[in-house]
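# I would like to see how this sequence folds:
(2 chains)
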Amino acid sequence: MPEDVKTKGNFEIHKSENCIIVSINPKIYPLDVIYSAAYVFLDRAYVLIDGDPEEEIIIELKSKTGKENLETLGREFNNELLNYAVYKVQVEKNAAIRQMIIQRALLTNDSSLKISTGQESGKESYLEDPEGIAIPWEEKHGKKNKKVE
Amino acid sequence: MARRIKKLNKNMVELKFNSNFYLKTCILAAVKDFGEICSCRVKEGEKDIFVVLKAKDNLDAEKLGYEFSSYVLGVMKNKGEV
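As a prediction, this is how the structure comes out:
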């Protein structure tokens, strides 16, 4: 191993090439989580994916500016992996309830599924006033008597 | 470290994409988009797809290669392929 290569945890830092190699176990982090984490890093680093999808996935991160701390970059990548892994677990957990909410929202305005109350004939117009709520108070109950002082 | 980006000469670079992770359709889409700034050649190996980029003008070939590989990843994500 060349002198400028430093190994720490699951990553190798290649200082002379200004890049860091992160090794990931695909049994812990699935491929879609890895893609999502890699995508987040696209504006900070050049990302290359290699390895074996069954055994070990290798991510090469090369800093775009050259000024970034490589170890920090690697550790932040690990955090991003964890972030997306948790997100994926939550999404899977809430899948059923999300489906129900969407179905309910879509069915709300379906007139064929409207529950009949028995009072709706379907011919009523907004101009009709069976309850008499449009009649002014004075017409209905007479004018208020003024208080005599 | 196995080189995934190999500089062939001053303005040429060869990229190696593992076909387990990169989709050929997305690589070809990136090749199409990069057509204005470089000439591209795609070769398909047993488990890798090789792309040779020849930079037009005086572009840094290595940087071009890295930009290309990041672009492919972006295409894959934006197309919803992964």
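# what's the biggest helix in the chain, counting residues?
Assuming you mean chain A. Longest helix in chain A, counting residues (DSSP state H): helix A:70-93.
# try chain B instead
In chain B, with assignment by DSSP H, the single longest helix is helix B:61-78.
# quick check, that one touching chain A?
Yes: Helix B:61-78 is in contact with chain A by C-beta under 8 Å from any C-beta of the partner chain, via B:Y66, B:E67, B:S69, B:S70, B:L73, B:G74, B:M76, B:K77. Yep, even glycine has a C-beta here, placed from its N, CA and C like the rest.
# so what touches the longest helix of chain A?
Applying C-beta atoms under 8 Å, 6 or more residues apart in numbering or on different chains, the external contacts of helix A:70-93 come out as A:8-11, A:13, A:15, A:18-20, A:22, A:24, A:28-30, A:32-34, A:36-37, A:40-41, A:44-45, A:59, A:61, A:63.
# what of stretch B:69-82?
Contacts of stretch B:69-82 (C-beta under 8 Å, 6+ apart): A:31-32, A:35-36, A:38-39, A:42, A:46-49, B:4-5, B:15, B:17, B:22-23, B:25-27, B:29-30, B:33-34.
# what's the answer for stretch B:10-29, then?
Contacts of stretch B:10-29 (C-beta under 8 Å, 6+ apart): A:31, A:49-53, A:57, B:3-8, B:42, B:44, B:47-55, B:58-59, B:61-62, B:64-65, B:68-69, B:72-73, B:75-76, B:79, B:81-82.
# let's verify the residue of chain A found nearest chain B: helix, strand, or coil?
Going by C-beta to the nearest C-beta, chain B is nearest to A:Y46 of chain A, at 3.7 Å. Following DSSP: H, G, I helix; E, B strand; the rest coil, A:Y46 is assigned to strand.
# was I right about it contacting B:E67?
Yes: with contact defined as C-beta atoms under 8 Å, A:Y46 and B:E67 form a contacting pair (7.2 Å).
# one step back: contacts only, for the closest residue to the residue of chain A closest to chain B other than its chain neighbours.
Nearest residue to A:Y46, sequence neighbours excluded (C-beta to C-beta, 6 or more residues apart in numbering or on different chains): B:Y66, at 3.7 Å. If you count contacts by C-beta under 8 Å, 6+ apart, B:Y66 has them with A:Y46, A:L48, A:K62, B:I5.
# can you count the residues close to residue 80?
Using chain A here. Neighbour count for A:E80, taken as other C-beta atoms under 10 Å in any protein chain shown: 18.
# I was after chain B.
6.
# also A:R44?
Neighbours of A:R44 under the rule other C-beta under 10 Å: 15.
# my guess is it meets A:G66, correct?
No: at 11.6 Å, A:R44 does not count as touching A:G66 under the criterion of C-beta under 8 Å.
# ranges for the strands of chain B?
For chain B, the strands defined by DSSP state E cover B:5-9, B:12-18, B:38-44, B:48-55.
# where does the prediction get shaky in chain B?
B:1-2 (pLDDT under 70).
# next to chain B, which bits of chain A? Give me the list.
Residues of chain A found near chain B (C-beta under 8 Å from any C-beta) are A:5, A:12, A:14, A:17, A:21, A:31-32, A:35-36, A:38-39, A:42, A:46-53, A:57, A:60, A:62.
# among the residues you listed, which ones are in helices?
Counting by DSSP H, the residues of chain A next to chain B place A:L31, A:D32, A:Y35, A:S36, A:A38, A:Y39 in helices.
# alright, calling it a day.
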